[in-house]
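Asker: dropping the sequence and predicted coords here.
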Amino acid sequence: MRPGAALLTALAALLALVLLVPAAPAPAAPAGPAGTGPSPAAGSWTVTAPGGRSAATLERLDDGALRLSVSRDGRTVLRPAPVGITAAHGDFTRGLTLRGTGSRRIAERYDTVVGKRLHHRADAVEHTFRFENADGGRMTLLVRADDDGIAYRYVLPHEGPVTVTAEASAFAPPPDATAWLAPYGVTYAQRPFEAAVAGVPDGAYAYPPLFRTAPGTYALVTEADADGRYGGTRLTRRDGAFAVTLPDAGGETAPGPLATPWRVAVVGDLAGIVESDLVQDLAPPSRVADTSWIEPGAAAWSWWSDSASPHSLAAQKEYVDQAVRQGWEYVLVDEGWDAAWVPGLVAYARARGVGVWLWSRWNDLETQEQRDAKLPLWKSWGISGVKLDFMDSDSQERLAWYDAVLADTARLRLLVNFHGATLPRGIERTWPHVLTVEAVAGAELYKIDPKRIGPDVNATYPFTRNAVGTMDYTPVTFSAADRHTSDAHELALAVVYESGVQHFADSPESYARHPEAEDLLASVPAVWDETRLLDGEPGERAVLARRSGDAWYLGGIAAGNRAQTVDFRLGMLPPGRHLLELFRDTDTDTDGGRGGIAVERRTVARGDRLAVPLAADGGFAARVCPARTGRTTCGRGPTDARLTADPDGVLAAPGRTVPVTAGFTAPPDAPARNVVLDAVAPDGWRLSAPDGPTRARTLPPGRTLTATWRATPPSGAALRSYEVVTRARYDAVDVPREHARRLLVDPAEVVLPPPGLSHVEADAGHALTLSWIHASATSAYVEWRREGDAEWSRTDAAFDGVRHRATVGPFEEGLVDLEYRIVAGDDVSPAYTARLVDPAAVTVVDDGAAGHTENGRWLGSSVTGWDGGRTRYTGTAGDTATWRAELPDGLYEVAAYVPAHDNSTAAASYAVGERTTGVDQRAAGGTWAGLGRHRPDAGALAVRLTAGPGFTRADAVRFIRVD
């Protein structure tokens, strides 16, 4: 839906593809006129939606000022509030005279790539009011009424630059209304709260606040179609209303004529709020003509569970492998990636059917020169998209940057995720390659400030933040230390929240401990055909149903320290019998007080009622699909087919041909259909045509399809490890069509080794695990000795045809410092050192844990600590923090973790007993600072940190028993 036809020529920015039909007669307010359009002489005009339910009434007061109110079904929802705008060339807040009007009916159909649904229908009435001020200045007000709500915007038909200095715009819910809203912050990540409107303190508030103005009637206030022509506004509570406030002190300046963003009130019951697309209806049509390359999906993401992992190629490959196992489309590599290994990671992921996103700070792409240098380079590596972070501003200048970077990424066909970002205001329609936007207190807050997140916050967002646009909450964090939600509540967030790319934030190990969750997360879509609210109350509970194809996914969450039951009707199902798989809270405490997840399966029909018992702060998820003979799941089901590559690994040389055989075996109890075998060799390698069949329309149960390729590295190939990846695609049977297509991957490692010893890898934990490659030796061993020993001991290595492997330890002592060297053929490596630590011998007291106390003005910090979690800091010299651990008698090595930050103090003082150690926190940042070896006094050891000048940072203290 776009502004009136009369403005299209003058306002190129407002061009849209709309179907214009004659306006239906607009019912007038008592003081207004009858007929199809408002009368220039009237003092009150009503614009009514085509369905007659929503209406906006515009009043001109005696002083020429304007007021606008909103009604639903004839009852006032938002009281009369000021409408007007002030520009450098004129004041349009009073002294206005109506000079002309127009009216049109808008009926529009459009598609989006992500959202609550893909196919949209907008139907509205729009009135145009042309006003003139006392100086002859002109201002046009567009008022649009849709059955979902109302919107208005200003158009200043001024030639040359236009500077807007203020808006009079405001929204006035009744004083006795209930509000759910959050203080304003540039990241939109402040904690929302509930209050009576009369009790909301004056101050700045973020969009979109929700108001319950009467039982069953709500208004959600926001804005739409904001870009670099204007800044992103916020609301200021004053004089009993919520006034629209510009972000820039000097105003907003753009070439004339200028159209402001729409001021929007979505009105209706809770289902109407949650299901509305009014914000998208008001946004400009897509500026990307061909959207076939835009693929929503799910992503594995390592930063949340291990903030150091983006520095590690090996760690990122583990997350690619997780994405393959789960059938997820992407992996996101966050801050810390290295340009030296990203192209190799992309090749590794692409061979496995996984796309790679890269993180970047926005100001690394601030200028056109920076974007022209970096974005094409990253695209040449083969990445799928970029996560852009730390914009942290609603200024007009920053929104203009969004416009520029979106145009550049669209041209290069790079997907976009905005983090540390402004609120989406219809951006998913205009720039469909924006798959998600943060602007929420998501799971990241567990690591930074867990007080801003909780079950009640989770149960508010479906009615507020996620109601206006796609939302990157990064859900399903089972391992969050500070969460109060049940496991089933966490799992349900994958359905309750809509995001075009859903980043599942926990680690592969955490998800592996919840196999029932892995099952659901392997199948849950990121694209929805339909969204329904089945039950809910903001801040208390939310039950949503989302449809993808012929399958429905249900998600329900609740807040509160008591068990409860949610009961709702399955009225959205089509006729027939359906298989329902329910993932709910267990009655057994299996996860530290958070409960486990039980899975139930049953057959249901349209109109059946479903009563689901929830634990305290609990939840549930469900899948529903047509019931068919042989179907036992609505998900992907087990992957019983097998793919093997032979050889698993081989030593080779440049120019030497290596045969690689792939064998795909169908499941033992079911056929595999549409089987396709192929192989992918590294860039520059020759790969022969296959020897053997690579396709089978139907492969009977247990039968194997085999093909062999010959891979030849170029004569000048670098001497290192490569992969020839064998792949099998096939369709599984007895599962829903959308989950039938599978990909199995098995790589054959081909190593071109340099002469002698190479590829040495060491992992020091409780034991030392070593691997290496030798170009010719088939036998090798490790020599080692503990610190202080004169004699060397020997451990023989095993050989698998490519690598030698050996393990030294574990030892009885809790901590062992080891020296070792590798002997292979005539080659002997240099001597290396390793520290082996028994996890059972380690005690860590973290900040905020029992045993940690503070004196002074310590504050929470976003600087990450030893475990990726939050840390503490103080700017007051002399403040103290103490860590105390109850320990058995013994000798302990004590160390304090120093968070890394450039402005930390150089003079922190740590005292253990009578021994004091000074630490330069700038030099020691990101490491464990040793504080010596100590014995407990009366069964305990205490470490006292005294702050130095500047900023002193604190996190955790570690005690390792060494005897």
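Answerer: On my side now, so go ahead.

Asker: Ser909 reaches Thr916, doesn't it?
Answerer: Yes. Between Ser909 and Thr916 there is a contact under CB atoms under 8 Å: 5.9 Å. From N, CA and C alone the C-beta is placed, and that goes for glycine too.

Asker: between the two, which one's more packed in?
Answerer: When Ser909 and Thr916 are compared for neighbours, Ser909 comes out ahead with 16 against 12, by other CB atoms under 10 Å.

Asker: report the contact partners of the more buried one.
Answerer: Contacts for Ser909 (CB atoms under 8 Å, 6 or more residues apart in numbering) come out as Thr916, Thr917, Gly918, Val919, Leu945, Thr946, Gly948.

Asker: can you pull up the bridge partners for it?
Answerer: Under DSSP bridges, the beta-bridge partners of Ser909 are Gly918, Thr946.

Asker: cool, Asp389 as well?
Answerer: Beta-bridge partners for Asp389, by DSSP bridges, are Arg361.

Asker: retrieve the pLDDT associated with it.
Answerer: The confidence metric pLDDT takes the value 98 at Asp389.

Asker: and Val957, that one's in a strand?
Answerer: Yes. Assignment of Val957 by DSSP: H, G, I helix; E, B strand; the rest coil places it within a strand.

Asker: before we move on, the earlier item: can you tell me which of the contacts of Ser909 is nearest Pro538?
Answerer: Pro538 lies nearest to Leu945 out of those, by CB to CB, at 42.7 Å.

Asker: among the contacts of Ser909, which ones are buried?
Answerer: Thr917, Val919, Leu945, Thr946, Gly948 (16 or more other CB atoms under 10 Å).

Asker: surely the first one touches Ala907?
Answerer: No. Between Thr917 and Ala907 there is no contact under CB under 8 Å: 11.6 Å.

Asker: contacting residues around stretch 728-736?
Answerer: Outside stretch 728-736, the residues that reach it (CB under 8 Å, 6+ apart) are 549-551, 625, 630-637, 639, 641, 643, 662, 664, 666-667, 670-677, 699, 705, 739-744.

Asker: again, but for stretch 237-253
Answerer: 81-82, 88, 161-173, 175, 200-205, 209, 221, 223, 229-236, 263, 393-397.

Asker: just the ones of these in strands?
Answerer: 81-82, 161-167, 170-171, 203-205, 221, 223, 234-236, 263 (DSSP state E).

Asker: which among those count as buried?
Answerer: Buried members of these, counted by 16+ other CB under 10 Å: 81-82, 162-167, 170-171, 205, 221, 223, 234-236, 263.

Asker: ok, the most centrally placed residue in the chain to Ala443 distance?
Answerer: Among the residues of the chain, the one closest to the centroid is Asp472, at 3.1 Å (CA atoms, centre = their mean). As for Asp472, its distance to Ala443 is 10 Å (criterion: CB to CB, to the nearest Å).

Asker: mind jotting down where the strands sit in the stretch 201-350 of the chain?
Answerer: With DSSP state E, counting those that start in this stretch as the criterion, the stretch 201-350 of the chain has strands at 203-205, 210-214, 217-224, 234-238, 241-245, 252-255, 258-259, 262-268, 297-301, 330-333.

Asker: nearest to Gln190 among those strands would be which one?
Answerer: strand 203-205 (9.1 Å).

Asker: hang on, Thr233 packs against Asp394?
Answerer: Yes. With contact defined as CB under 8 Å, Thr233 and Asp394 form a contacting pair (7.4 Å).

Asker: just the endpoints, please. Distance across stretch 450-466?
Answerer: Stretch 450-466 has an end-to-end distance of 20 Å (criterion: CA to CA, to the nearest Å).

Asker: what secondary structure does Ala494 sit in?
Answerer: Under three-state DSSP, Ala494 comes out as helix.

Asker: low pLDDT regions in the stretch 1-150 of the chain?
Answerer: The stretch 1-150 of the chain contains residues with pLDDT under 70 at 1-42.

Asker: swap in 90 and give it another go.
Answerer: Low-confidence segments of the stretch 1-150 of the chain, defined by pLDDT under 90: 1-43.

Asker: now the stretch 201-350 of the chain
Answerer: For the stretch 201-350 of the chain (pLDDT under 90), the answer is 248-249.

Asker: residues touching the closest residue to Glu886 other than its chain neighbours, list them.
Answerer: Distances taken as CB to CB, 6 or more residues apart in numbering place Ala940 nearest to Glu886, at 5.2 Å, with adjacent residues excluded. The contact partners of Ala940, by CB under 8 Å, 6+ apart, come to Arg884, Ala885, Glu886, Leu887.

Asker: take those residues and write them to CSV, including distance to Glu295 and neighbour count.
Answerer: What follows is the contacts of Ala940, written out as CSV (distance: CB to CB, whole Å; neighbours: other CB atoms under 10 Å):
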residue, distance to Glu295, neighbour count
Arg884, 53, 16
Ala885, 50, 22
Glu886, 54, 13
Leu887, 54, 16
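
Asker: TSV for those, including pLDDT?
Answerer: What follows is the contacts of Ala940, written out as TSV (pLDDT from 0 to 100):
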residue	pLDDT
Arg884	97
Ala885	97
Glu886	96
Leu887	96
